[in-house]
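only geometry, no sequence info:
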């Protein structure tokens, strides 16, 4: 009888503790991983604000000055489609200006 493919994958898996930044864990260089993590965090905050205010994607798109499809990309977490600058601009347009805090 054949073993399920998942058994093989589990046998070969190495479990490592997280660094605290999934992008570092995925192999991105630290500087790029920090930017990606900021983008994801800001995207999640924007989506949370849109939902908390019961905005439709169409209503949010009018406020943000983008198409409904771009708001859909935001809500689906398509981080590769948004620069940090764009996300900061979106936050300002929603009346929630983003702030950068340094961890010196």
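Cool, the structure landed. Keep in mind it's a predicted model, so treat the numbers as computed, not measured.

With adjacent residues omitted, what lies nearest to residue 46?
Among residues not flanking residue 46 along the chain, residue 90 sits closest, at 5.6 Å (Cβ to Cβ, 6 or more residues apart in numbering). Bear in mind the C-beta positions are built from the backbone N, C-alpha and C, glycine included.

Look up how far residue 16 lies from the one you found.
Look at residue 90 and residue 16: by Cβ to Cβ, to the nearest Å, they are 34 Å apart.

pLDDT score assigned to the residue nearest to residue 46?
pLDDT recorded at residue 90 is 97.

for the residue nearest the centre of the chain, helix, strand, or coil?
Nearest residue to the geometric centre of the chain (Cα atoms, centre = their mean): residue 40, 2.4 Å. Using DSSP: H, G, I helix; E, B strand; the rest coil, the three-state assignment for residue 40 comes out as helix.

isn't residue 74 right up against residue 82?
Yes. Assessed by Cβ atoms under 8 Å, residue 74 is found in contact with residue 82 at 6.9 Å.

tell me the contacts of residue 78?
Listed by Cβ atoms under 8 Å, 6 or more residues apart in numbering, the contact set of residue 78 is empty.

pLDDT at it, what is it?
93.

One more: residue 21?
78.

what about it, neighbour count?
Neighbours of residue 21 under the rule other Cβ atoms under 10 Å: 15.

so what pLDDT did the residue nearest to the centre of the chain get?
Listed pLDDT for residue 40 reads 93.

Residue 91 and residue 97 touch, don't they?
Yes. At 6.0 Å, residue 91 counts as touching residue 97 under the criterion of Cβ under 8 Å.

how about the helices in this protein?
Taking DSSP state H as the test, the helices found in the chain are 5-12, 22-25, 30-52, 57-64, 68-75, 84-93.

Distance to residue 102 added to the ones you listed, as CSV?
As requested, the helices of the chain are exported to CSV (distance: least, Cβ to Cβ, whole Å):
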stretch, distance to residue 102
helix 5-12, 41
helix 22-25, 19
helix 30-52, 11
helix 57-64, 27
helix 68-75, 26
helix 84-93, 15
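
Many thanks, I have nothing further to ask.
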